[in-house]
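> Below are the sequence and a predicted model for it; my questions follow.
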Amino acid sequence: MARWTIRQRLLKTLIGLVAVLWVSGVTIAGLTVRHELDEVFDSALRETTGQIIPIALHQYKLMGPEAAVAKAGQGQTTSFQASRGHVHYYLQDPQGVVLVASDGAPGVPPPGSLRDGFHNSGGFRYYSKFLRQEKVRIVVAQELKERSEAAVGLWLGLASPLLALLPLAVFAILRTVNRATEPMARVSRELEARSGDHLDPLDSSDLPGELTSVIEATNTMMERLKAAIGSERAFAANAAHELRNPIASARAQIQLLAANLKGTPDSVRAENVASQLGQLGRRVEKLLQLARTQAGLGRGRERSDLGAVTNMIADEYAWRPEVSARLALETPADACWVAMDQDALAIVLRNVIENAVHHGDTTAPITVRVQGDHSVRVTNGCATIPPDVLAGLKKRFRRGGSPGSPGDGLGLAIVDALMRQAGAGFEMSSPAEGRADGFEIVLKFPGAL
């Protein structure tokens, strides 16, 4: 279902209302003009009748009653030119017999002409009046098209200026609605700019009263959210410090104990305990990273040097004897700045490189290449991963390696969440580009000036 907006609804309502009012106004004006014109034409027709009466009687007396009756149907009199359109007249006896008719008169007058007053028939407007002294009836006919033409002309004269004003009315409505809804658009833009690292209150100055209560409620909610996120991040940081050190210390003690017990039956058990403590430490580290990710760590937009952070993470693994000979790092000579929180960036790179170390072929090289287009390409050797398995690696607790391989299945899920929060993305492919086997991840970060 398509979403509606206040702006669109206001525009449709106001433009529709103006159009209806315009049509109604023009229609009412047209009907009023037609009514007034009818009154003017009727008055003129009555006056014209008064002017025609002497002419018709004079013609009737010259012809004589018998001759008038005999020649009335031949239309021997001349037309009378009135001031408002062509008119014709008849002179009738009380029984309706035409005594005198003007030239071009429209046939026999209708039966209604035997009554005094106005009536319409056959495209003509008739006015009838009985002359009591002369015992005859005068009937004057005027073409209705004269009135229609005059009414249409006046109606167009009234409607044309109003029609020309319609575009101005629409423009005024658009401008008014845009100005009225601009505060809502501004508030929307400010809300979109807010993130876990930017929860400052919205400015409620110069906003309409309808939005003030909404802004105040939103600011209160953001203050609570800011406090909650701060508490969660503080807990994650404290937990990382409090848990890492004891586990590392316990592991060191167990390793020392295993070395002292070497050659005894308890040596293997001590080494197993040290290995399990190592796995526990890594799992705690992943869970803490996941907690920081859920707190919105990746939404930060601080400026970070992609090459420097990648070099720092690669150095951590270069100190490991089983990794240093396999790891190859390529970075550009110039700094490559990206818009991403430095801690989030380090977590992403650490998980990607760790994934290559743990799940790649232990004899194949690992290539980490920082490119000038704000991307990092990590390639490691391994058997080809099936497409259905590859598609599920971003989910939590999914592993692409063998069941006995190290890892908790959280690394790529954390990478996916942080990259989405940062407005970045990454692609996985197997086999790697230009190879028949292997696995490759390409991280694409948003650039920063």
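Perfect, I can see it now.
> What distance do you get for Ser324 to Asp266?
Taken as Cβ to Cβ, to the nearest Å, the spacing of Ser324 relative to Asp266 amounts to 32 Å. (Each C-beta comes from the backbone N, C-alpha and C, glycine too.)
> For the chain, which segments count as helices?
Assigned by DSSP state H, the chain shows helices spanning 6-63, 65-71, 144-193, 209-260, 266-294, 306-318, 321-324, 342-359, 387-391, 411-421.
> Quick one: these as CSV, columns for mean neighbour count, mean pLDDT and distance to Val97 too.
As requested, the helices of the chain are arranged in CSV below (neighbours: other Cβ atoms under 10 Å; pLDDT from 0 to 100; distance: least, Cβ to Cβ, whole Å):
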stretch, mean neighbour count, mean pLDDT, distance to Val97
helix 6-63, 15, 84, 12
helix 65-71, 14, 52, 6
helix 144-193, 13, 81, 26
helix 209-260, 14, 79, 80
helix 266-294, 17, 81, 108
helix 306-318, 19, 90, 113
helix 321-324, 12, 81, 129
helix 342-359, 22, 90, 111
helix 387-391, 11, 85, 105
helix 411-421, 22, 89, 102
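> Which of these sits closest to Arg369?
Nearest to Arg369 among the helices of the chain is helix 306-318 (9.3 Å), distances taken as Cβ to Cβ.
> Could you list every helix and strand in contact with the closest one?
The contact analysis (3 or more Cβ pairs under 8 Å, 6 or more residues apart in numbering; DSSP states H and E) places helix 306-318 against helix 321-324, strand 327-330, helix 342-359, strand 366-371.
> among those, which is nearest Gly281?
helix 342-359 (13.1 Å).
> Torsion angles phi and psi at Pro332?
Here is the backbone geometry of Pro332 (degrees, to the nearest 10): phi -70, psi 160.
> Identify the residue nearest it in space, chain neighbours excluded?
The shortest distance from Pro332 to any residue other than its chain neighbours is 5.4 Å, reached at Gly372 (Cβ to Cβ, 6 or more residues apart in numbering).
> still on that earlier bit, Gly104 is nearest to which of the helices and strands packed on helix 306-318?
When these are ranked by distance to Gly104, counting by Cβ to Cβ, first place goes to strand 366-371 at 97.9 Å.
> Need the CA coordinates for the closest one. CSV is fine.
Coordinates of each C-alpha in strand 366-371 appear next as CSV, following Å, rounded to 0.1, in the frame of the first residue of the first chain:
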residue,chain,number,x,y,z
ILE,A,366,47.2,-14.8,3.0
THR,A,367,47.1,-11.6,1.0
VAL,A,368,45.8,-8.4,2.5
ARG,A,369,45.6,-5.6,-0.1
VAL,A,370,44.5,-2.0,0.7
GLN,A,371,43.3,-0.3,-2.5
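> all numbers from here: first residue = 236
Done: numbering now begins at 236, and the last item shifts to strand 601-606.
> That one: how far from the chain's middle?
How far strand 601-606 lies from its chain's middle: 42 Å, per Cα atoms, centre = their mean, to the nearest Å.
> who does that strand pair up with?
strand 562-565 (parallel), strand 610-615 (antiparallel) (DSSP bridges).
> Which residues does the shortest one contact?
Residues from elsewhere that reach strand 562-565 (Cβ atoms under 8 Å, 6 or more residues apart in numbering): 545-546, 549, 552-553, 588, 600-605.
> which one among those residues gets closest to Leu522?
If you rank those by distance to Leu522 using Cβ to Cβ, Ile588 comes first, at 19.4 Å.
> residues in contact with the closest one?
With the criterion set at Cβ under 8 Å, 6+ apart, Ile588 makes contact with 548-549, 552, 562, 601, 603, 613.
> now, among the residues you listed, which is nearest to Gln377?
Val613 (98.0 Å).
> re earlier: can you pull the contacts of the residue nearest to Pro567?
Going by Cβ under 8 Å, 6+ apart, Gly607 touches 567, 569, 571.
> Most neighbours among these, which one is it?
Highest neighbour count within those: Cys571, with 23 neighbours (other Cβ atoms under 10 Å).
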